[in-house]
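**Student:** take a look and give me a structure for this.
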Amino acid sequence: MRSRWSASVYDDAHRLGDDEIETLLHAAQWAPSAGNSQPWLFFVCVPGTANHDRLVATLSRGNSGWVPRASVVFVTAAHVRSGDEPEAPAFSDYALYDVGQAAAHLTLQATAMGLHAHQFAGFDHDALADALGVPATHRLLTGIAIGVPGDPAQVDERTAARDHRDRVRKPLGEWVRHGRYDEPA
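**Tutor:** The predicted structure is shown next:
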């Protein structure tokens, strides 16, 4: 799990086969969910397809340089409401958590396949939801770019530098509690 990292420099000529994409999706499929509700939806965005074009048109400036180079991008959505009306009851109180688990399973499967996965949220969620025809019962959450490392000389300096940052995590004492909130571990 520690070998997993969020690459930003992808080989834009590399493509995944349908069977590899299906393997990644099966990993998400088997994630646990509340009551086996599986409240996730994954949009597959392969370069050269309409979904990829829809996604690329909505990317933030910071993501527009590297996301389109990935072999495939998945856009996740959660089934959040039982009906289209704003007052409709929640589909599941745990839908966002469950989609996160499905995304984590997919990213770990990518690592096991020798691929790199980088999750991101920098896109116009409303515009992409509209372009993809997402109903009000669902909410777009994140994208997951997957591919193999590319040549840093083929991307802008800022994107190339992202792949050479030190990987730092908060110490356990900052986010683990064995007692009350005000009693750090």
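**Student:** sheet-wise, list the partners of the lengthiest strand in the chain with their directions.
**Tutor:** Secondary structure assigned by DSSP state E gives strand 138-147 as the longest strand of the chain. Within its sheet, strand 138-147 is paired with strand 72-79 (antiparallel), strand 116-120 (antiparallel), according to DSSP bridges.
**Student:** which stretch in the ones you listed has the least confidence?
**Tutor:** The stretch with the lowest mean pLDDT among the strands paired with strand 138-147 is strand 116-120, which comes in at a mean of 94.
**Student:** what's downstream of it, the next helix or strand?
**Tutor:** The element immediately downstream of strand 116-120 (helix or strand, assigned by DSSP states H and E) is helix 125-132.
**Student:** okay, and for the chain, where does confidence drop off?
**Tutor:** Confidence mapping of the chain against pLDDT under 70 gives the ranges 1-7, 150-153, 155-156, 158-165, 167.
**Student:** where do the helices sit along it?
**Tutor:** 18-29, 50-56, 95-112, 125-132, 157-162 (DSSP state H).
**Student:** which among these is found nearest to Thr142?
**Tutor:** Of all the helices of the chain, helix 95-112 sits nearest to Thr142, with 6.7 Å by CB to CB. Every residue, glycine included, has its C-beta placed from N, CA and C.
**Student:** in the closest one, what counts as buried?
**Tutor:** Neighbour-count burial for helix 95-112, with 16 or more other CB atoms under 10 Å as criterion, is recorded at 95, 98-107, 109-110.
**Student:** ok, stretch 110-123 next?
**Tutor:** With the criterion 16+ other CB under 10 Å, stretch 110-123 contains buried residues 110, 115-120, 123.
**Student:** check stretch 130-146 too.
**Tutor:** Along stretch 130-146, the positions that meet the burial threshold by neighbour count (16+ other CB under 10 Å) are 131-132, 134, 137-146.
**Student:** right, I'll call it a day here.
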